[in-house]
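S.K.: Okay, here's the prediction I keep looking at, along with the sequence it came from:
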Amino acid sequence: MADSDTPDLPRLLPDAVHRSVHPGTALLRLETTHAREGILDGAWWPRSRNIGAELPSLISALTEHLGPVTRVGLDGSAWDELPTRVMVDDRVVHIDSFPVGDDTVLITRGEGDLFSLLLVPPDTSPDAARAAMARAVRADNVTEARQILIDTGGGMPPAPA
């Protein structure tokens, strides 16, 4: 049976490491195995702290690869004006705000299938963001999101010019 024929299992993403990015698309990487043994299931690098502009493209990308997303958990203090729900592709997605730090995003699919994504801060340099995202999606990753950001330079504010 093909992955697309099994709605309860996450669909695997292509093994291509790099794809061209079109304006308005989410910068997202997901682990490409069914094992989900690492601490994180993927990584997201939004372009801004405007959740209304950033979240719909993330949800659309996740829905395409994982199936319908029902909830998103975020640290409300890390975003400009966090709503309680958004409409994406004619579906309501509920947003939960938790004071958990802005280094992770929790995605719920269905009734309780939870995915944890590293959240790369928008002002992170491209090299640091790529390094953090690559480390987050390694199947053997046991490093927590905050430490990945620190180790790769993504958790630090940009140096003054």
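M.R.: Done, it's in.

S.K.: OK, contacts around the residue positioned nearest the centre of the chain?
M.R.: The centroid of the chain falls nearest to residue 44 when counting by C-alpha atoms, centre = their mean (3.5 Å). Residues in contact with residue 44 (C-beta atoms under 8 Å, 6 or more residues apart in numbering) are 26-28, 58, 105, 117-120. Every C-beta, even on glycine, is put in place using the N, C-alpha and C of the backbone.

S.K.: and the two most separated of the residues you listed?
M.R.: Taking C-beta to C-beta as the measure, the contacts of residue 44 reach their widest spread between 26 and 118, a distance of 13.6 Å.

S.K.: So between the two, which is more surrounded?
M.R.: Legend: neighbour count by other C-beta atoms under 10 Å for residue 26 and residue 118, higher for residue 118 (28 against 18).

S.K.: The more buried one contacts residue 124, doesn't it?
M.R.: No - under the criterion of C-beta atoms under 8 Å, residue 118 is not in contact with residue 124, lying 10.9 Å apart.

S.K.: Tell me the helices and strands packed up against whichever helix in the chain runs longest.
M.R.: When secondary structure is assigned using DSSP state H, the longest helix within the chain turns out to be helix 51-66. With contacts defined as 3 or more C-beta pairs under 8 Å, 6 or more residues apart in numbering; DSSP states H and E, the packing partners of helix 51-66 are strand 28-30, strand 69-74, strand 85-88, strand 91-97, strand 104-109.

S.K.: Kindly recompute the last result at 6 Å.
M.R.: On a contact count with 3 or more C-beta pairs under 6 Å, 6 or more residues apart in numbering; DSSP states H and E, helix 51-66 meets strand 69-74, strand 85-88.

S.K.: helices or strands next to the last one in the packing?
M.R.: In this case it means strand 85-88. Here strand 85-88 is seen to pack against helix 51-66, strand 91-97 when contacts are counted using 3+ C-beta pairs under 6 Å, 6+ apart.
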